Structures are given as C-alpha cells and as structure tokens.
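In: Return atomic coordinates for the entry below.
(2 chains)
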Number of protein chains: 2
Amino acid sequence: MTTPDKETIEQAHKRIGPHTLRTPVLTSDDINSLAGCQLFFKCENLQKIGAFKARGAMNAVLSLSADELKKGVATHSSGNHAQALARAAKLVGVKAYIVMPRTSAEIKKRGVLSFGGEIFECEPTLQARESMLADVVKKTGATEIHPFNNYAVIAGQATAAKELFEDQEQLDIIIAPVGGGGLLSGTALSAQYFSPSTEVIAAEPAGADDTYRSMQSGKIEPSQANSIADGLLTSLGDKTFPIIQKHVKDVVTVTDAEIIAAMRLIWERMKIIVEPSCAVPLAAVLKAKEKFANKKVGVILSGGNVDLDKALKLFAESK
Amino acid sequence: MTTPDKETIEQAHKRIGPHTLRTPVLTSDDINSLAGCQLFFKCENLQKIGAFKARGAMNAVLSLSADELKKGVATHSSGNHAQALARAAKLVGVKAYIVMPRTSAEIKKRGVLSFGGEIFECEPTLQARESMLADVVKKTGATEIHPFNNYAVIAGQATAAKELFEDQEQLDIIIAPVGGGGLLSGTALSAQYFSPSTEVIAAEPAGADDTYRSMQSGKIEPSQANSIADGLLTSLGDKTFPIIQKHVKDVVTVTDAEIIAAMRLIWERMKIIVEPSCAVPLAAVLKAKEKFANKKVGVILSGGNVDLDKALKLFAESK
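Out: The predicted model follows:
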C-alpha cells in the first residue's frame, strides 16, 4: 500500500460505515466567545469505544484477507487502539491479542476485556512492548495492526475529518492532536481531498513536542513523553511523518496546565467528557488566538476515555 | 390558553427552532446490555443552557405581545429555568428578573448573570420565593413566566419528545423525569399527538415522590423535597397534573443511590455529563427492568448543569 488517495478514503468510509457512528458536530457560544472564533467540534469522544480509533482499527481489520483474518490480529497499545482493535476483531469473529503496558488505565483494560480481547501485560517501555508483541505474533501467526503507522489505519482515521467537512463546509482551519500521527495524517489527507482550502494545524503537548521538533529538523525526533496527555506520547512513524510534513501548516504546543484548563472548559460548557489528550487542540486555539481569530475552525475531539476519579483529582489539583 | 393541541406544539416548534438546538439522539451498546432493552437518549443536556428548559422559556417569551414584552419577564427558579428565561429575554432584547434561592448552585447563578439576568436572592422556601417574586412583578410590571405551570412553557418542552419521535420511530415507551411536570406533561402531549402507540412513563426520586402519590390519591400532593435530584423537588401544578393524570401510564421511583449509579453510568459509558435529576429515568429503567424488557425506549435526558467538583465527589463517596 501507499499513501491513501481520495478513493481509498471514500472506500474506507463506506466499509466502516455500518460499524462506526457518524458522530455529532457540536458548538458552544461560550467557548466561541472565549476563543474569538467559530469552533465546530467533531465529537469522536462519542464514537464507539469512546475514541476515533474505532475507525482506523475497523478499516484495517476489514481490509485483511480471509486467510490473514483466520489467525487473528495483534497490537501493542496503551489504550484506545487496544479497545478499538478488540472490538473490530470481535465484530468479524476473530481473536485480538493486545500487548498493554501494566500502567494502562483500568478503564482501558476493562474495555479490551469486554470485547473478548486477550491482554498481555508488559513494562511501560517501547522496547518491552515491541519485544512482547513480536513474541505474540510469532506464537499465534496473528497480523500486527500498528496503532498509527499503517495506511489502512490512517485511511480509517481520515473519515472523521471527511464527515466534518461534509457537515460543516468552508472551514478555514482544521486542528487535530498529534501523538504518532495517525489521526493528524488522516485529517491532513481528507483536507487535501475534500476541502483543499482548509489549513491543517496540529496541537501537541509541550512535554511531548516531537512533532514540532521533527518539522523543524526534517526528520523524526523522539518524544520526551512527559505530559498528562497520555494518548500523545509516542513519536511519529515513517508513514505518518511524510504526510504531516507535506500537508500540516503549523504545530502549536501547550502545557499540561493549559490542557487541564481546556479539558475543564469542555466538560463544563459543552457537557461532554473528554480525556486530556482530547483537550489539546482547544488548549492550542485558546493559546494561539491570533492564528484563529474570526476564523471557522474544525476541531477533532479525539476521545473520552478517562477515569472519573483521576479527572476529579486533576481538576482539584489545578485550582 | 388551554391544554396545548397538536397545532400549538407544531407552532411552538417552528417558533423556537432558530433559537434552540435539535439535540442528538445517542445510544450505548453497554447500557442497552445492562438494561435489557434498546434505549434512545434525547440529549437535552447538550441543549442551549445545558437543559430542555431553553425550549419552554423561549416559547413563552416569543408568545408574549409586544406590550407585555416591553416590561420584561420574571420568575422564581432554583436553576435551569432561570438561565433559560434570562437567555430568552436577552435574545429578544428585554429584561429578565430572576428570584433564586440563595442555595442555588453557583454554576446556575453564573449562567443567569452571563445572559444579563438580574438576580434577587431569597430564602430557599417556596413561600419566600413566591413573596419576593410578587414584589418584583409589582415593582417592574414584568410578566411572570412560571417554570412549569404555564401552557406556553409546556408546549415548548413538548418539542423535545416531538423531535425524538421524528428521529426514532416506533418507540414502545418514552420515559421522562418529573418535578413540576412541565417536561413530563409536554412529553405526554407529544406522545398523544405524534406517536400515539408509545406509552409514557414517569421517573421520580423516592424522596420526592409526590407525582406517584398524586396519581394514587387523584389530587396534587406536596413533595417531601428530599433528594439529590435538585431539579425534581417541586410539586405538580394545576395545569400539569391533569395532563399527567390522563396520559401517563406509570410512575417509577428510585433512591438517591440508584440515581448516582445511573449518573455515573451515563458519564462513563456515554461520555456526556448529566446532572442528578437527568439520571433519574435511566435509574428507573435499570430498576424496573421487567417493564422495559426488549422494548424500544426513548429517554429524555433533561440537563447537564452540575458543579463538576460536587459531582465527582458524589461518585467518590458512593463507591
């Protein structure tokens, strides 16, 4: 496979349609006033499994051959992709083997188990994850579905922005968070194909600003992985970086305090639950106001899987 | 005015359309499994001002004559109706005078002020509220817009169920919470006019089960007002009770512990924020499972205005 073209994303959208939600686009007068622009929030926190990852994993599983499918699928993931892959595998009736760091949120482990996924716990390092996954793949013959560095996954994630462009025309800017870059590269491709006048901006935690640095240096930089936004700690992949490099205009970085404040704002004003990683784009809009002033801005809200007790503690500590 | 007929509700819907949201209808596979039926949640927590009350207040204000409007509108309300009336008044450019008990949630007071409403604080008793409101009306000449015992308000609230019937046909049951009965009587009228085969069931806190008792005795009973569901503590009115008596089939009562558990379930599984009063219908569905088994059930989610710190503390204490 190569970088997904327009038709590939259209096919992905048709393929996953019966198994994913067309999530609502919400607005908030209060937040528009605070931001000084018009924001259109694509609510992937209301997606199946509570995150956009349901799209990419579903498309990747449905793109496998019958022979590949028989032996199941495998991945390493700290969270939402794990649940998404377990769910996709369950829907087509095959096994999902999930390598998860033992530090993953309980809510995310329970999600995997509820879809019949088999969890292999490892130490929370990339090396431990990759080494255990290699063992699992060797033992089972399962096909690895990488969380982001996989063109079928990227094409699936692209469908969120595609829907937003269909529901809200003439966006000046679309902003998405970036971790490994699956959502961001998919968003960038959809902008190119379905709304070419829309600028693509990335939002990233300052404590994991490897995308910002990679754009500067022109090569994939490692992430410091030091942020509360636990879905955005990974570095880019060799499939996501070239797309991002070509199509993303700007990267805005935000501190953890700014992320928590934006998260609270979304909970309070929009009455929806978002996880820290999901609040990063709004934090960026509120920080770099001049970039967005008076514009129509699409915001991909990526997910809502957060332990309520942990969120309570975050909000209390940030007061 | 008399009990709103079909045309009155259709007109109300057209009138408020430009000023209210057509809120999404969400579902949850997880909650369906737990409940043993198919639930369709009408998300009025995502409505303007975070509650269905935006509908009734908007319709009532837009139904006044130009002469009446000039002197403004007034009400007493502990919360969502207060914000809704302040917002409606602001949209048509007139004053709103709001009598609020001093114990009202800060988030609700801030909401009123943000729409330019003028707050008059009183003691948290019905007598204090009514007496201060009478003074305010006498002084200003404003028209009182009662939170529920007002046919234009009832017709406005009815539009939430009307939209749900349009978006999801062939519901076997629709369930709504009941406090003063504005939402419930409106829901019952919409069921009668737009989906006559749908049964209407009410959900009520056990510590404020005056509707249950009123249905037994055949007259309006006072409320004990002893529940965490602070939007459902009032008794029925002489305009809402006859409609409820005629069209509501059953009243299910639930404890505060059941309300908190249902509230947590909605936050965790649906990624949306609901206030305690709003979780009462789901608590009722989970409690009286046999009534709902295998049915298609519409659930009106009434509002999401809750202090986050208070809510998260409730969850922590209820573990």
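In: Please count neighbours and contacts with C-alpha atoms only from this point.
Out: Fine.
In: Report the separation between the residue nearest in space to the middle of chain A and chain B.
Out: Nearest to the mean C-alpha position of chain A, by CA atoms, centre = their mean, lies residue A:183 at 4.8 Å. For residue A:183, the distance to chain B equals 20 Å [CA to the nearest CA, to the nearest Å].
In: Next up, the contacts around that residue.
Out: A:148, A:154, A:157, A:158, A:176, A:177 (CA atoms under 8 Å, 6 or more residues apart in numbering or on different chains).
In: Was I right to think residue A:210 contacts residue A:217?
Out: No: if you go by CA atoms under 8 Å, residue A:210 and residue A:217 don't touch, sitting 10.1 Å apart.
In: Out of those two, name the residue with the larger neighbour count.
Out: residue A:210 (25 against 10; other CA atoms under 10 Å in any protein chain shown).
In: quick one: pLDDT of the more buried one?
Out: With respect to pLDDT, residue A:210 scores 98.
In: how about the residues of the stretch 51-200 of chain A near chain B?
Out: Within the stretch 51-200 of chain A, not a single residue sits near chain B (CA under 8 Å from any CA of the partner chain).
In: hey, where'd the strands end up in the stretch 51-200 of chain A?
Out: A:73-76, A:96-101, A:118-122, A:143-144, A:173-177, A:199-205 (DSSP state E, counting those that start in this stretch).
In: Adding mean neighbour count and mean pLDDT as columns, could you present those strands in JSON lines?
Out: Shown next, in JSON lines, are the strands of the stretch 51-200 of chain A (neighbours: other CA atoms under 10 Å in any protein chain shown; pLDDT from 0 to 100):
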{"stretch": "strand A:73-76", "mean neighbour count": "28", "mean pLDDT": "96"}
{"stretch": "strand A:96-101", "mean neighbour count": "27", "mean pLDDT": "95"}
{"stretch": "strand A:118-122", "mean neighbour count": "18", "mean pLDDT": "96"}
{"stretch": "strand A:143-144", "mean neighbour count": "20", "mean pLDDT": "98"}
{"stretch": "strand A:173-177", "mean neighbour count": "27", "mean pLDDT": "98"}
{"stretch": "strand A:199-205", "mean neighbour count": "27", "mean pLDDT": "98"}
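In: Tell me how far the residue nearest to the centre of chain A lies from residue A:239.
Out: Residue A:183 sits 12 Å away from residue A:239, going by CA to CA, to the nearest Å.
In: Now the stretch 151-300 of chain A against chain B: closest residue?
Out: In the stretch 151-300 of chain A, the residue that lies nearest chain B is residue A:272 (4.1 Å; CA to the nearest CA).
In: ok, the nearest residue to that residue once chain neighbours are set aside - contacts?
Out: Leaving aside its sequence neighbours, residue A:272 sits nearest to residue B:272 (CA to CA, 6 or more residues apart in numbering or on different chains; 4.1 Å). By CA under 8 Å, 6+ apart, the contact set of residue B:272 is A:271, A:272, A:273, B:266.
In: rerun that using 6 Å as the cut-off
Out: Neighbour list for residue B:272: A:271, A:272, A:273 [criterion: CA atoms under 6 Å, 6 or more residues apart in numbering or on different chains].
In: repeat for residue A:280
Out: Per CA under 6 Å, 6+ apart, neighbours of residue A:280: residue A:259.
In: host element of it?
Out: helix A:280-287 (DSSP states H and E).
In: Show me the helices in the stretch 1-150 of chain A, by range?
Out: A:6-16, A:29-35, A:53-62, A:66-70, A:80-92, A:106-114, A:126-140 (DSSP state H, counting those that start in this stretch).
In: Just the buried positions in the longest one, please.
Out: Read it as helix A:126-140. A:128, A:129, A:132, A:133, A:134, A:136, A:137 (16 or more other CA atoms under 10 Å in any protein chain shown).
In: Same check on the fifth one?
Out: Of the residues in helix A:80-92, those buried by neighbour count under the rule 16+ other CA under 10 Å are A:80, A:81, A:82, A:83, A:84, A:85, A:86, A:87, A:88, A:89, A:90.
In: for the second one, what are its contacts?
Out: Residue A:81 sits next to A:53, A:147 when contact means CA under 6 Å, 6+ apart.
In: let's go with 10 Å and repeat that
Out: A:49, A:51-57, A:75, A:87, A:98, A:108, A:112, A:145-148, A:231 (CA atoms under 10 Å, 6 or more residues apart in numbering or on different chains).
In: who wins for proximity to residue B:282 among the helices of the stretch 1-150 of chain A?
Out: Nearest to residue B:282, of all those, is helix A:106-114, at 21.6 Å by CA to CA.
In: which outside residues touch the closest one?
Out: In contact with helix A:106-114 (CA under 10 Å, 6+ apart) are residues A:49, A:78-87, A:96-98, A:100-103, A:116-119, A:121, A:305-308, B:30, B:268.
In: domains for chain A, by residue range?
Out: Listed by automatic domain parsing, the domain ranges of chain A are A:6-51+A:151-317, A:54-144.
In: Of those domains, which is nearest residue B:36?
Out: domain A:54-144 (16.8 Å).
In: measure that closest one end to end?
Out: Note: domain A:54-144 ends 16 Å apart using CA to CA.
In: Check stretch A:300-312 too.
Out: 24 Å.
In: Report the mean per-residue pLDDT for that stretch.
Out: 92.
In: now swap in stretch A:217-233 and tell me
Out: The model assigns stretch A:217-233 a mean pLDDT of 95.
In: repeat for stretch A:272-285
Out: Stretch A:272-285 comes out at a mean pLDDT of 98.
In: out of everything not next to it in sequence, what's closest to residue A:70?
Out: residue A:94 (6.6 Å).
In: Does that neighbour touch residue A:62 like I think?
Out: No: between residue A:94 and residue A:62 there is no contact under CA atoms under 10 Å: 11.4 Å.
In: what residues are shared contacts of those two?
Out: A:69, A:88.
In: Chain B versus residue A:100, what's the distance?
Out: 21 Å.
In: typo on my end, residue A:42
Out: Distance from residue A:42 to chain B, by CA to the nearest CA: 13 Å.
In: What's the local residue count around that residue?
Out: Neighbour tally, residue A:42, other CA under 10 Å: 26.
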